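Colleague: My questions are about this predicted structure, shown below with the sequence.
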Amino acid sequence: MNSPPDNSRLLALGWGAFLACSWTWCIGMFLPVLLVRDFGDAGWLVFAAPNVVGAAAMGWVLRRRETAQQIAESHRAAAGAFSVVTILFHVFFVGWIVRALVGDVAEIFTVAAAAAFFFIGRRGRRDLLLGAAVLAASLVFFAFAAWGPGAEETIALRTGRLPTSGLLGLAPVCAFGFALCPYLDLTFLRARAATTTNAALAAFTLGFGIFFLLMIVFTLWYAHFLQPRYLAALPRPVAWVIALHMMLQTAFTLAVHARAIAPPAARDRRGPAILAACAVIAFFVGVYADRYHIPFLSGGELV
């Protein structure tokens, strides 16, 4: 974080793509599916608005790059724990949803892509190029899913099964969480520390106001026919493009968070070994989650 800050418009676009992909979590790729099922499109809006605004606001709130450096250093334990939870959450998601969409290739592809992103992005600004490539791929998948072969065969499922009054409780939770979570995200802090004030304003505003927003609009599109208990009913072309979007975004998020907490080569390696063991457990919890469920909730949702 001590290198000269980036100030060019092109690099601001790159950091915007990096931020959008590092924040396109399994939450953004699947929680709206559950919210649309329960509350209709209003559920997506209550999720999306504070998410976009809260994440973008970090570039405006942290006016000095040194502040981002200080937060990362002073709260390293909390931010590191945030990344660990992020990694395990995504591994669980691959075992639960992505594997259900396309089979065992899900974990193979995601792990391979995450490893590639981890090692390729270690030097210079390659993460920015990787983020731009992943973002472009997801947009292509969105276009293909919406207008390509098989899209017309998707079956719209019933949405809005619960009264929208339930959103009155959800809205403040989303606002609270998305207003504060970004400040524990080491990838956000890295981006802010690497950019000048104007470049940060551009990167965070474009990254979340346009790039990330497009990602969760993709989620809104497939939320009307993709639900945990009906994944097998999806046309194969549609299932594959959605799964590829999920796998690439997950792999990128895993890679940048793993690198953010990776210890130097000379340090004790017990931490990575423990994390790897926990990741294996999280994956198998996801694999077997839906063997147990209650009315209206699948096993994965219970977990």
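Modeller: Happy to help now that I have it.

Colleague: Phi, psi for the residue lying closest to Asp290 once chain neighbours are set aside please.
Modeller: Excluding its sequence neighbours, the residue lying closest to Asp290 (CB to CB, 6 or more residues apart in numbering) is Gly299, at 4.3 Å. Just so you know, the C-beta spots here come from the backbone N, C-alpha and C atoms, and that holds for glycine as well. Note on Gly299: its backbone torsions stand at phi -60, psi -40 [degrees, to the nearest 10].

Colleague: Gly286 is in contact with Gly299, correct?
Modeller: No - using CB atoms under 8 Å, Gly299 is not in contact with Gly286; the gap is 9.5 Å.

Colleague: Look up the residues that both of these two are in contact with.
Modeller: Common contacts of Gly299 and Gly286 (CB atoms under 8 Å, 6 or more residues apart in numbering): none found.

Colleague: out of these two, which sits in the more crowded spot?
Modeller: Higher neighbour count among Gly299 and Gly286: Gly286, with 25 against 17, using other CB atoms under 10 Å.

Colleague: residues touching the more buried one, list them.
Modeller: Gly286 makes contact with Val91, Phe92, Phe93, Val94, Gly95, Trp96, Ile97, Arg99, Gly300, Val303 under the criterion CB under 8 Å, 6+ apart.

Colleague: so where's the stretch 1-150 of the chain shaky on pLDDT?
Modeller: 1-4, 6 (pLDDT under 70).

Colleague: Quick one: the helices in it, in order.
Modeller: 9-23, 26-39, 41-61, 65-74, 76-93, 99-102, 105-120, 126-147 (DSSP state H, counting those that start in this stretch).

Colleague: Out of the ones you listed, which is the most enclosed?
Modeller: helix 9-23 (a mean of 24; mean count of other CB atoms under 10 Å).

Colleague: so what secondary structure elements neighbour it?
Modeller: Helices and strands touching helix 9-23, by 3 or more CB pairs under 8 Å, 6 or more residues apart in numbering; DSSP states H and E, are helix 126-147, helix 186-193, helix 197-206, helix 236-261.

Colleague: Quick one: work out the angle between that helix and helix 105-120.
Modeller: Helix 9-23 runs at 140 degrees relative to helix 105-120, counting by axes from the mean of the first three to the mean of the last three CA atoms, to 10 degrees.

Colleague: you'd agree Arg161 is up against Asp38?
Modeller: Yes - between Arg161 and Asp38 there is a contact at 6.0 Å, judged by CB under 8 Å.

Colleague: which ones are touching Asp38?
Modeller: Asp38 sits next to Gly160, Arg161, Leu162, Gly166 when contact means CB under 8 Å, 6+ apart.

Colleague: Dump those residues to JSON lines, plus neighbour count and distance to Pro295.
Modeller: Converted to JSON lines, the contacts of Asp38 look like this (neighbours: other CB atoms under 10 Å; distance: CB to CB, whole Å):
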{"residue": "Gly160", "neighbour count": "14", "distance to Pro295": "18"}
{"residue": "Arg161", "neighbour count": "11", "distance to Pro295": "12"}
{"residue": "Leu162", "neighbour count": "14", "distance to Pro295": "13"}
{"residue": "Gly166", "neighbour count": "15", "distance to Pro295": "17"}
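
Colleague: In JSON lines, list those residues along with distance to Phe144, pLDDT and secondary structure.
Modeller: Converted to JSON lines, the contacts of Asp38 look like this (distance: CB to CB, whole Å; pLDDT from 0 to 100; DSSP: H, G, I helix; E, B strand; the rest coil):
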{"residue": "Gly160", "distance to Phe144": "28", "pLDDT": "86", "secondary structure": "coil"}
{"residue": "Arg161", "distance to Phe144": "30", "pLDDT": "87", "secondary structure": "coil"}
{"residue": "Leu162", "distance to Phe144": "32", "pLDDT": "90", "secondary structure": "coil"}
{"residue": "Gly166", "distance to Phe144": "34", "pLDDT": "92", "secondary structure": "helix"}
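
Colleague: what about the closest residue to Ala279 other than its chain neighbours, distance to Asp127?
Modeller: Once flanking residues are discounted, Ala279 sits nearest to Val91: 4.6 Å by CB to CB, 6+ apart. Separation of Val91 from Asp127 (CB to CB, to the nearest Å) stands at 21 Å.

Colleague: and the residue nearest to Asp290, what is it in contact with?
Modeller: Contacts here follow CB under 8 Å, 6+ apart; on that basis Gly299 touches Tyr288, Ala289, Asp290, Arg291, Tyr292, His293.
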